[in-house]
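Student: next input, structure requested:
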Amino acid sequence: MGGVMGESAGRTLRADAERSVRAILGAAERVLAEDPGASMEQIAAAAGVARTTIHRRFANRQALIEALATSAAGQLAQAVDDGRPDTAPPLVAMHRITANVLQVKSAWAFALELPAEPDSEAARLQQGINDRCMTVLERARADGLIDAAADLDWVRRVYYALLGEVLHGGDVADGGGANDPDALAARIIDTLLHGAGPRPRA
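Tutor: Alright, predicted model coming up:
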C-alpha cells in the first residue's frame, strides 16, 4: 500500500514539476520577447512562481534559454511530424505542415529565433526539421508538383523565406480570414509552387 501511495505521490510531484517548467518557459517567451535582457526574477514573477522555484529548475539564465530553445524546437518538430511528411499526399502534407508551423512559430517567435548551440538538442531537432522538409519536397517533385530539374535546397530556402515573411509581416494572429493559418498556408504553398506568373485560364 505504501509503495502504491509513494508512486502516486511521485507522479503528482513530477506532474507539478512539469507544469511549473511549462509555466516558466511560457513566461520566458513572453517576457524575453519584450525585453531580451529580462532577469530570472522577472520571468519567475511572470510565471507566478517563487524565485527559488526557477533557480531550482534551471541552474542559471543560460540553462533557461537553452531549455526554451529546445522546447520550442521540439514543438516545431512535432508540428512537422503531425503533418505526416512521409505518408500524407505531398500537397496535403505541405499544407498541414505549413499551417502547423505558422501556429507554433507565432506562439514561440522569440525562442525559435535563438541561435542553436552546435551539438545541442535544439540543433539536432532543427536538423531533423530540415530533413523532414526535404523529404516532403522530394515527394512533391516525384509527384510532378515541383519541376524535376529544381534545386530542392533552393526551394526549401524560398519556402522558409515565405514563412518568415508571413510571420514577420504580422499576418498570423487570432481569428479567421486573412490571418487564418490554413488560408496563409494555402497562399504560401500556392506562391511556392506557382510563383507570381500568370495562371492558365480555366
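
Student: which helix or strand in this protein has the lowest average pLDDT?
Tutor: Ranking every helix and strand in the chain by mean pLDDT, DSSP states H and E puts helix 2-34 at the bottom, with a mean of 77.

Student: which stretches of the protein form helices?
Tutor: 2-34, 40-47, 51-57, 61-82, 90-107, 109-113, 121-142, 152-168, 181-194 (DSSP state H).

Student: most neighbours per residue, which of these?
Tutor: Stretch with highest mean neighbour count among the helices of the chain: helix 90-107 (a mean of 20; mean count of other C-beta atoms under 10 Å). All C-beta spots, glycine's among them, are computed from the backbone N, C-alpha and C.

Student: for Ala122, see how far away Ala77 is.
Tutor: With distances taken as C-beta to C-beta, to the nearest Å, Ala77 is found 10 Å from Ala122.

Student: between the two, which contacts overlap?
Tutor: By C-beta atoms under 8 Å, 6 or more residues apart in numbering, Ala77 and Ala122 have no common neighbours.

Student: burial measure for Pro36, as a count.
Tutor: 11 (other C-beta atoms under 10 Å).

Student: how about the contacts made by it?
Tutor: Contacts for Pro36 (C-beta under 8 Å, 6+ apart) come out as Phe110.

Student: how near is it to Gln78?
Tutor: Pro36 sits 26 Å away from Gln78, taking C-beta to C-beta as the criterion.

Student: if I look at the most centrally placed residue in the chain, how far off is Ile97?
Tutor: With distances taken as C-alpha atoms, centre = their mean, Leu76 lies nearest the centre of the chain, 2.8 Å away. The gap separating Leu76 from Ile97 is 10 Å, by C-beta to C-beta.

Student: check Phe110 too.
Tutor: 22 Å.

Student: how about Glu113?
Tutor: From Glu113 across to Ile97, the span is 20 Å (C-beta to C-beta).

Student: likewise for Val104?
Tutor: 11 Å.

Student: now do the shared contacts for these two.
Tutor: Listed as contacting both Val104 and Ile97 by C-beta under 8 Å, 6+ apart are Ala79.

Student: tell me the mean pLDDT for stretch 58-68?
Tutor: Averaged over stretch 58-68, pLDDT sits at 92.

Student: having no further points to raise, I will conclude here.
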